[in-house]
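A structural model of the following input is requested.
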Amino acid sequence: MATINQSMQELLTCDGALCAALVDSSSGMILGQAGSGVDMEVAAAGNTEVVRAKLKTMRALGLNDVVEDILITLGKQYHIIRPMARKEGLFVYIVLDKSKSNLALARRKVQEVEKDLIV
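Residues are numbered from 1 along each chain as shown. So this is what the prediction gives:
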């Protein structure tokens, strides 16, 4: 089991990782973060809206399922958003340099870190 800051640092060991954060999706507040390269306050607030919109759409469609992760692919970056399974209302967010990262390995790492995270 790892603390928030340890977990965010662990995410930065992924190839191409630029920054990572644990975000409260009810407020958009960052609970812990590591790395640099992105304005995390703006990113946390914006991605809170992404998570809310996806959950609202799932409810509207009557989908009885959960979001494992949300992947946003930009020209130069991957953004992975992973809602915490054990702690509703929180999500892990990581930004990766697309040219230096392995998306499959990064998704697996985020899953492992999320599972071991103590909040």
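
Where does the residue of the chain most remote from its centre fall, secondary structure wise?
Ranked by distance from the centre of the chain (C-alpha atoms, centre = their mean), the top residue is G62, with 24.5 Å. Assessed by DSSP states H and E, G62 sits outside every helix and strand.

quick one: the closest residue to S36 other than its chain neighbours from L63, how far?
Nearest in space to S36, with sequence neighbours left out and distances taken as C-beta to C-beta, 6 or more residues apart in numbering, is C19 at 5.8 Å. In short, each C-beta sits where N, CA and C put it, glycine included. For C19, the distance to L63 equals 31 Å [C-beta to C-beta, to the nearest Å].

mean confidence score for the helix or strand where the residue nearest to S36 lies?
Using DSSP H and E, C19 sits in strand 17-24. Averaged over strand 17-24, pLDDT sits at 97.

all helices of this structure, in order?
Under the criterion DSSP state H, helices of the chain are mapped to 4-11, 40-60, 103-116.

Could you identify which of these is most buried?
Neighbour counts (mean count of other C-beta atoms under 10 Å) averaged over each of the helices of the chain peak at helix 4-11, with a mean of 20.

by contact count, what packs against that helix?
strand 17-24, strand 30-35, strand 90-97, helix 103-116 (3 or more C-beta pairs under 8 Å, 6 or more residues apart in numbering; DSSP states H and E).

tilt between that helix and strand 30-35?
Using axes from the mean of the first three to the mean of the last three C-alpha atoms, to 10 degrees, one finds that helix 4-11 and strand 30-35 are set 40 degrees apart in direction.

Cool, thanks, signing off.
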